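Colleague: Sequence and predicted structure are below.
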Amino acid sequence: MGNWNIAKHMQNCTENYLLIEEGEIWNMEKERKYYIENASRTIERKDYFDIKYVKVYGNTAWAVYGLRSDIKENAVMKIKNWNESAIFRKLKGVWKIELIHSTPVSMNNK
């Protein structure tokens with residue numbers, strides 16, 4: 001997301017991709033609009049994944065992980081944390097994201 005490259009993001013997702021973010025369900029069209037609206041923002045972002053669980057069953061996989069993002073914009077650093085789960089599908093030999101479910105985690109809870 002740091003470079004707002006929606007074309008690359010779309011290449012990594014299935015046609016049925018959904019994002020569940022803070023209680024909202026986003027399809028690719030809604031996410032595409034978000035990327036376009038924010039394309040002028042300059043963000044430095046470093047993501048750190050803490051993989052808790054991965055299961056592969058045929059052409060389907062799912063993962064549960066923690067995500068910490070260090071996001072710097074206009075010289076202001078923010079650290080955000082989420083617990084996430086994702087479902088992946090292997091299509092024509094390539095793993096694609098089908099679903100991401102993201103729940104924000106307060107740093108005060110750690």
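Modeller: Arrived safely.

Colleague: L19: how many residues sit nearby?
Modeller: 19 (other C-beta atoms under 10 Å). Yep, even glycine has a C-beta here, placed from its N, CA and C like the rest.

Colleague: That one bridge partners, please.
Modeller: L19 has the following beta-bridge partners by DSSP bridges: W26, I100.

Colleague: so what secondary structure elements neighbour whichever strand or helix holds P104?
Modeller: Taking DSSP states H and E as the definition, P104 sits inside strand 94-105. The helices and strands touching strand 94-105, judged by 3 or more C-beta pairs under 8 Å, 6 or more residues apart in numbering; DSSP states H and E, are strand 13-21, strand 60-73, strand 76-91.

Colleague: how about it as CSV, C-alpha atoms only?
Modeller: Extracted in CSV, the C-alpha atoms of strand 94-105 (Å, rounded to 0.1, in the frame of the first residue of the first chain):
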residue,chain,number,x,y,z
VAL,A,94,0.0,-19.1,-8.5
TRP,A,95,-1.3,-18.3,-5.0
LYS,A,96,-3.8,-15.4,-4.9
ILE,A,97,-5.5,-13.7,-2.0
GLU,A,98,-9.2,-14.5,-1.8
LEU,A,99,-10.0,-12.9,1.6
ILE,A,100,-8.4,-10.8,4.3
HIS,A,101,-10.1,-10.3,7.6
SER,A,102,-8.4,-7.5,9.6
THR,A,103,-9.1,-6.5,13.2
PRO,A,104,-7.2,-3.6,14.7
VAL,A,105,-5.4,-4.2,18.0
